[in-house]
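S.K.: Sharing a model prediction with you, sequence too.
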Amino acid sequence: MRTAYSVETVRAAEGELMARLPEGALMQRAAAGLAAACARLLIRRRGRVYGARIVLLVGPGDNGGDALYAGARLARRGAGVTAVPMDPARMHAGGLAALRAAGGRVEEAVPARADLVLDGLLGIGGKGGLRPAAAALAERLPHGAPVVAVDLPSGVDADTGEVAGPAVTAEVTVAFGAYKPGLLIDPGATLAGALHLVDIGLSLDAPDVEVLQHADVARLLPVPAPSSDKYRRGVVGVVAGSAQYPGAAVLAVAGALRGGAGAVRYVGPAAAADAVLARFPETLIGRGRVQAWVVGPGLGDGRAGEVAELLAQDVPVLVDADGLRGLDAGALRDRSAPTLLTPHAGEAAALLGTDRRAVESGRLAAVRQLAELYGAAALLKGSTTLVAAGGGPVRVNPTGTGWLATAGSGDVLSGLAGALLAAGLSAADAGAVGAYLHGLAGRRAASGAPMTAQEIAQALPEAWRDVRRG
Ligand SMILES: NC(=O)C1=CN([C@@H]2O[C@H](COP(=O)(O)OP(=O)(O)OC[C@H]3O[C@@H](n4cnc5c(N)ncnc54)[C@H](O)[C@@H]3O)[C@@H](O)[C@H]2O)[C@@H](O)CC1
Ligand SMILES: [K+]
């Protein structure tokens, strides 16, 4: 499991630790870890640190200080280090003295060539997009040189991953003490590149954000026991599709069957039921006992009554797509069985009474609000899908890929997550594990080329095996 902590939490933990340590000790720990990560990268690329041309982009705060101290360490190993300040009048004094003492230089213009660039413009003290002086440096990076971001790619909001203007794209980000949410959530996550954590001794409790990895998902996957029958493995009821959208029913059923359901029961118009049976003859048709309902994909208008009726049952329910229209927050909060809502940004905006842009520019806050307002687990789809429930850490899905944004892909996810709910996973686990497997299947199905939602469903068994293999 990878975890991340908000700036407020990190600052509090740093404050506590700093009070017990000699001045500057934390920054030295950070700089030592940063210099070691840079040295490894240089050795991998060019065999040695000695003789490497290193450019430090130095901001006015402690993030710049980290870069200067790390630069001094690398200069002592024989690298040629040039610091380029955002504001020559504001540089970390101790760091600058250390760099100069180690033979490093300060220049106003970014050198045209370098073997490595350290982005020490802004860290957790950065606010908003890069201001012009910082943006000018970030836009003139030496061509082809790998960038190591110090704590955070400058221009990325540490708490949310939002990028409000120009920002640095890093090959590696070396984070101090803890990952920040912005390193795990897009667009920040993409700009951060590979992540490396330097332990500076912070003690931290419950994270704000967490990312499941293969081993975590493997532990949560429902694996049938020898004594299992189809009811114990979970029967999923799928209420999806319409005469107009029969395909949504087929795809949701496909997701549910490949999500490990013992059986899938389909409830919907005859035309859609025929389409489902033609593709999956193993489907049960019509109402009956289920361990979880999936309601909403391709339902069309005017079926809110059916959704409300399912939500009135004391059974886990996943609500997606058209099923999300006109949900009664009070009725949802009163439910005792688990509920999982799986909106995309537009649907989330309607549920929150705001506009799509507000959701997209504040996805972390939006998913938390959804979970709180509806008393349910909420899965907000996007390039990094987020899952929130009950005030716990928000789960960030790491397996997403742009190829998943294809028609019907969400229908497969709802069937899949519904099967996991039916198998007894909590709504938050079903959402997080569903998104993880769905993303992996999408990557497998696409492997760099477009694919269809059906192919995502077909790749689910492989994704499942990947996770179990570890
Ligand atoms: N606090 C600590 O104990 C430690 C902090 N460390 C480093 O310190 C960093 C935080 O340092 P600071 O709090 O000094 O903050 P930063 O160095 O992140 O940046 C703050 C400075 O940037 C300016 N600024 C803010 N937003 C800007 C924008 N959009 N464009 C241009 N300039 C902008 C501010 O005016 C301020 O002067 C961490 O990210 C980490 O790199 C590490 O040394 C480890 C220990
Ligand atoms: K930085």
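M.R.: The structure has been received and is ready for your questions. Ligands and ions are numbered 1, 2, ... in the order given.

S.K.: Most distant residue from the centre of the protein?
M.R.: Checked against the mean C-alpha position of the chain, the extreme residue using CA atoms, centre = their mean is Ala101, at a distance of 41.8 Å.

S.K.: residues in contact with that residue?
M.R.: Residues in contact with Ala101, defined by CB atoms under 8 Å, 6 or more residues apart in numbering, are Ala72. Heads up, the C-betas are built off the backbone N, CA and C, glycines and all.

S.K.: interface residues of the stretch 151-300 of the chain facing ligand 1?
M.R.: Counting by CB under 6 Å from any ligand atom, the positions of the stretch 151-300 of the chain adjacent to ligand 1 are 151, 176, 200.

S.K.: from those residues, which ones fall inside helices?
M.R.: Judged by DSSP state H, helices contain none of these.

S.K.: pull the helix or strand with minimum mean pLDDT from the protein.
M.R.: Taking mean pLDDT, DSSP states H and E as the measure, helix 230-233 is the helix or strand of the chain with the lowest mean score, a mean of 72.

S.K.: chain center to that helix: distance?
M.R.: 32 Å (CA atoms, centre = their mean, to the nearest Å).

S.K.: Could you list the buried residues of that helix?
M.R.: Of the residues in helix 230-233, Arg233 count as buried by neighbour count, 16 or more other CB atoms under 10 Å.

S.K.: ok, and the closest non-adjacent residue to Ser361?
M.R.: Glu162 (6.2 Å; CB to CB, 6 or more residues apart in numbering).

S.K.: what residues are up against the residue nearest the centre of the chain?
M.R.: The geometric centre of the chain, computed from its C-alpha atoms, lies nearest to Val396 (CA atoms, centre = their mean), at 3.5 Å. Val396 makes contact with 4, 181, 184-185, 209-211, 384-386 under the criterion CB under 8 Å, 6+ apart.

S.K.: now the residues you listed as a markdown table including neighbour count, secondary structure and pLDDT?
M.R.: As requested, the contacts of Val396 are arranged in a markdown table below (neighbours: other CB atoms under 10 Å; DSSP: H, G, I helix; E, B strand; the rest coil; pLDDT from 0 to 100):
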| residue | neighbour count | secondary structure | pLDDT |
| --- | --- | --- | --- |
| Ala4 | 27 | strand | 98 |
| Pro181 | 27 | helix | 96 |
| Leu184 | 24 | coil | 95 |
| Ile185 | 29 | coil | 92 |
| Val209 | 26 | strand | 97 |
| Glu210 | 22 | strand | 97 |
| Val211 | 26 | strand | 96 |
| Thr384 | 24 | coil | 90 |
| Thr385 | 28 | coil | 96 |
| Leu386 | 26 | strand | 97 |
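
S.K.: Spatially, which two of those are the most separated?
M.R.: Comparing every pair within the contacts of Val396 by CB to CB identifies Ala4 and Thr385 as the most remote, at 15.7 Å.

S.K.: quick one: the lengthiest helix in the chain near ligand 1?
M.R.: Counting by DSSP H, the longest helix found in the chain is helix 25-46. Yes: contact between helix 25-46 and ligand 1 is present through 26-27, 30 (criterion: CB under 6 Å from any ligand atom).

S.K.: Among these, which one has the most neighbours?
M.R.: Neighbour counts for these peak at Ala30, which has 25 neighbours (criterion: other CB atoms under 10 Å).

S.K.: Report the separation between the residue nearest to that one when sequence neighbours are not counted and ligand 2.
M.R.: Nearest residue to Ala30, sequence neighbours excluded (CB to CB, 6+ apart): Phe176, at 4.4 Å. According to CB to the ion, to the nearest Å, Phe176 stands 11 Å off from ligand 2.

S.K.: Quick check: bridge partners of Phe176?
M.R.: Applying DSSP bridges to Phe176 gives these bridge partners: Val198.

S.K.: how many neighbours does it have?
M.R.: As a burial measure, Phe176 scores 28 neighbours (other CB under 10 Å).

S.K.: give the contact list for it.
M.R.: Counting by CB under 8 Å, 6+ apart, the residues that Phe176 touches are 29-30, 33-34, 66, 151, 198, 200.

S.K.: Per-residue pLDDT of it, please?
M.R.: Here the pLDDT value assigned to Phe176 is 98.

S.K.: next one: Ser383
M.R.: The predicted local confidence for Ser383 comes out at a pLDDT of 85.

S.K.: What's the local residue count around the residue lying closest to it once chain neighbours are set aside?
M.R.: Distances taken as CB to CB, 6+ apart place Asp186 nearest to Ser383, at 4.5 Å, with adjacent residues excluded. When counting by other CB under 10 Å, one arrives at 19 neighbours for Asp186.

S.K.: what does the one 4 residues further on give?
M.R.: Neighbouring residues of Thr190 were enumerated by other CB under 10 Å; the total is 16.

S.K.: Asp199 too?
M.R.: When neighbours are counted by other CB under 10 Å, Asp199 registers 10.

S.K.: residue contacts, it?
M.R.: When contacts are taken as CB under 8 Å, 6+ apart, Asp199 is in contact with 33, 177.

S.K.: hmm, back to that, what are the contacting residues of the least confident helix or strand of the chain?
M.R.: When contacts are taken as CB under 8 Å, 6+ apart, the neighbours of helix 230-233 outside the stretch itself are 222, 224-225, 260-263, 289, 291, 422-423.

S.K.: Next one: the nearest residue to Gly155 once chain neighbours are set aside from Gly71, what distance?
M.R.: For Gly155, the nearest residue in space outside its immediate sequence neighbours is Ala167; the separation is 2.8 Å by CB to CB, 6+ apart. Between Ala167 and Gly71 the computed distance is 22 Å (CB to CB, to the nearest Å).

S.K.: More neighbours: the two, which one.
M.R.: Here Ala167 and Gly71 are compared on neighbour count by other CB under 10 Å; more neighbours surround Gly71, at 30 against 27.

S.K.: Three-state assignment for that one, please.
M.R.: Classification of Gly71 into helix, strand or coil gives helix, according to DSSP: H, G, I helix; E, B strand; the rest coil.

S.K.: for the one 4 residues further on, same thing?
M.R.: Secondary structure assignment for Ala75 (three-state DSSP): helix.

S.K.: Name the nearest residue to it, sequence neighbours excluded.
M.R.: Nearest in space to Ala75, with sequence neighbours left out and distances taken as CB to CB, 6+ apart, is Ala102 at 3.9 Å.

S.K.: mind pulling up the phi and psi values for that neighbour?
M.R.: The phi and psi values for Ala102, taken as degrees, to the nearest 10, are phi -90, psi 0.

S.K.: sorry, back to before: check the contacts of Phe176 and tell me the two furthest apart.
M.R.: Between all members of the contacts of Phe176, the farthest pair (by CB to CB) comes out as Arg29 and Asp151, at 12.6 Å.

S.K.: Those two: who's more crowded?
M.R.: Under the criterion of other CB under 10 Å, the comparison of Arg29 against Asp151 puts Asp151 first, with 29 against 18.
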